[in-house]
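Enquirer: Give me the fold of what follows.
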Amino acid sequence: MNNNFTFTIKSICLDENYRPSDNTRITTNFANLARGERRQENLRDALRMINNRFNALAHWDNAKGDRYSVELEIVSVDVDIEGKGQSFPTIEILKTNILDHHTEQRIEGIVGNNFSSYVRDYDFSVLLPNHNKNQTQFSIPDNFGDLHGKLFKSFAKSDSFKEKFTKPPVICLSVSDNKIYQRTGNQHPVLGVEYQPNSTSLTEQYFQKMGLQVRYFMPANSAAPLAFYFVGDLLNDYTNLELIGTISTMETFQKIYRPEIYNANAVAGKSYQPNLKNLDHSLTQIVYDREERSQLASEQGKFAEQHFIKPYQKVLEQWSANYA
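Expert: Okay, the predicted model is just below:
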């Protein structure tokens, strides 16, 4: 039994000339921006927003607010299950790199940030709805997220990952609109004020199976907290500049995709419930098709079922059962 799947990592620069490859999940935030007539302006504007936000947060020794710029890499991970050279696209994440124009240094940032995965699409858009089709009460299938979690942990522990990245991934997501978040007295110089949710969520449980815990922080001059999923110690394992790279990148994406929450005109208070119907928000000038994105999640879930889950079902079940 092959207990070690082979992971191959490829990366491509996300700049204003980026074009999604044929096997990129088009629901991925950045791929959605890189299409249509305004693709180049979209990318240029998003990158400018990221750089401006980075310099605003890294304001020390930065009087003109132009000391840093962020370079982004899209990291695609393929897995070969049988060792026969046939691979399936599993995960896509983002890597930040920081350019310090004062010292002319290139500083490695955090890998993770954005997270997309075909198997997650399958779990949430195919498996979960089918399981609940004729149920009167919503329930979660047995072992929901187990395979996905083990695949992710296996990737994060793989030689391929360790050769390319020096620190474990941090993934940064939007807060959930069906939870209430309470501000705590804890404050970090870069991550900002910590919030705590009133309950756990399916997303939290799903990411827990990937070996990730979560904390919620609202950085200075943000409208709402962000969810940071990580391994280890988020506040001490990463430098301020590394954390700022993740905040500036992911907050920019959230302002574009979730303007009701992250570009709201009123800032989250002591007790905060995100509202996707909030009309009091500003829109960025960046074109984005939210409806298409949710349709594609379902299509991509079916693609994963057809090309990965079903053909390799026995191998995957056996591997998952033996995975330590």
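Enquirer: how about the helices in the stretch 151-300 of the chain?
Expert: Counting by DSSP state H, counting those that start in this stretch, the stretch 151-300 of the chain has helices at residues 159-164, 202-208, 234-237, 240-257, 259-262, 290-304.
Enquirer: And these: which comes nearest V70?
Expert: helix 240-257 (5.8 Å; C-beta to C-beta). (Glycine included, C-beta is placed from N, CA and C.)
Enquirer: re earlier: out of the helices of the stretch 151-300 of the chain, flag the one nearest S116.
Expert: helix 290-304 (8.9 Å).
Enquirer: Tell me where the model's unsure across this protein.
Expert: For the chain, the stretches with pLDDT under 70 are 1-3, 17-39, 285-294.
Enquirer: so can I have TSV of the helices of the stretch 151-300 of the chain showing mean neighbour count and distance to T90?
Expert: Listed next are the helices of the stretch 151-300 of the chain as TSV, based on neighbours: other C-beta atoms under 10 Å; distance: least, C-beta to C-beta, whole Å:
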stretch	mean neighbour count	distance to T90
helix 159-164	12	12
helix 202-208	17	15
helix 234-237	14	24
helix 240-257	24	21
helix 259-262	21	28
helix 290-304	16	9
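Enquirer: Dump those helices to TSV, plus distance to S176.
Expert: Listed next are these as TSV, based on distance: least, C-beta to C-beta, whole Å:
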stretch	distance to S176
helix 159-164	28
helix 202-208	7
helix 234-237	19
helix 240-257	13
helix 259-262	10
helix 290-304	16
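Enquirer: Of these, give the one that comes closest to G192.
Expert: Across these, closest to G192 is helix 240-257 (C-beta to C-beta), at 8.5 Å.
Enquirer: Show me how far the closest one is from its chain's centre.
Expert: 11 Å (C-alpha atoms, centre = their mean, to the nearest Å).
Enquirer: is it true that N97 touches E108?
Expert: Yes: with contact defined as C-beta atoms under 8 Å, N97 reaches E108; the gap is 6.1 Å.
Enquirer: In contact with A156, which residues?
Expert: P168, P169, G211, V231 (C-beta atoms under 8 Å, 6 or more residues apart in numbering).
Enquirer: how about H131, phi and psi?
Expert: Note on H131: backbone dihedrals following degrees, to the nearest 10 are phi -60, psi -30.
Enquirer: any idea how far the nearest residue to V214 once chain neighbours are set aside lies from I110?
Expert: Once flanking residues are discounted, V214 sits nearest to Y229: 5.1 Å by C-beta to C-beta, 6 or more residues apart in numbering. Taking C-beta to C-beta, to the nearest Å as the measure, Y229 falls 12 Å from I110.
Enquirer: re earlier: which one of the contacts of A156 has the most neighbours?
Expert: Counting neighbours by other C-beta atoms under 10 Å, P169 leads the contacts of A156 with 25 neighbours.
Enquirer: So that residue is in contact with I110, correct?
Expert: Yes: assessed by C-beta under 8 Å, P169 is found in contact with I110 at 7.3 Å.
Enquirer: May I have the secondary structure class of the most centrally placed residue in the chain?
Expert: Computing the C-alpha centroid of the chain and ranking residues by C-alpha atoms, centre = their mean puts N114 first, at 2.4 Å. Secondary structure, DSSP: H, G, I helix; E, B strand; the rest coil: N114 is strand.
Enquirer: Quick check: it touching T252?
Expert: No: between N114 and T252 there is no contact under C-beta under 8 Å: 10.9 Å.
Enquirer: that older thread, neighbour count winner among Y229 and I110?
Expert: Legend: neighbour count by other C-beta under 10 Å for Y229 and I110, higher for I110 (28 against 22).
Enquirer: From E242, how far out is that one?
Expert: For I110, the distance to E242 - C-beta to C-beta - is 5 Å.
Enquirer: now do K277
Expert: Counting by C-beta to C-beta - K277 and E242 are separated by 35 Å.
Enquirer: Please apply the same query to G145.
Expert: 28 Å.
Enquirer: can you check V214 too?
Expert: Taking C-beta to C-beta, one finds V214 at 18 Å from E242.
Enquirer: Could you do S222 as well?
Expert: For S222, the distance to E242 - C-beta to C-beta - is 18 Å.
Enquirer: and what of H307?
Expert: 35 Å.
Enquirer: Tell me which residues touch S139, please.
Expert: Shown in contact with S139 (C-beta under 8 Å, 6+ apart): H131, N132.
Enquirer: and what of I180?
Expert: So I180 contacts P197, N198, S271, Y272, Q273 (C-beta under 8 Å, 6+ apart).
Enquirer: Out of those, which end up buried?
Expert: Among the contacts of I180, those classed as buried by 16 or more other C-beta atoms under 10 Å are P197, Y272.
Enquirer: which among the contacts of I180 gets closest to F303?
Expert: Closest to F303, out of all of these and judged by C-beta to C-beta, is P197, at 32.4 Å.
Enquirer: what would the contacts of I180 look like in JSON lines with distance to S125?
Expert: Formatted as JSON lines, these follow (distance: C-beta to C-beta, whole Å):
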{"residue": "P197", "distance to S125": "24"}
{"residue": "N198", "distance to S125": "27"}
{"residue": "S271", "distance to S125": "32"}
{"residue": "Y272", "distance to S125": "28"}
{"residue": "Q273", "distance to S125": "26"}
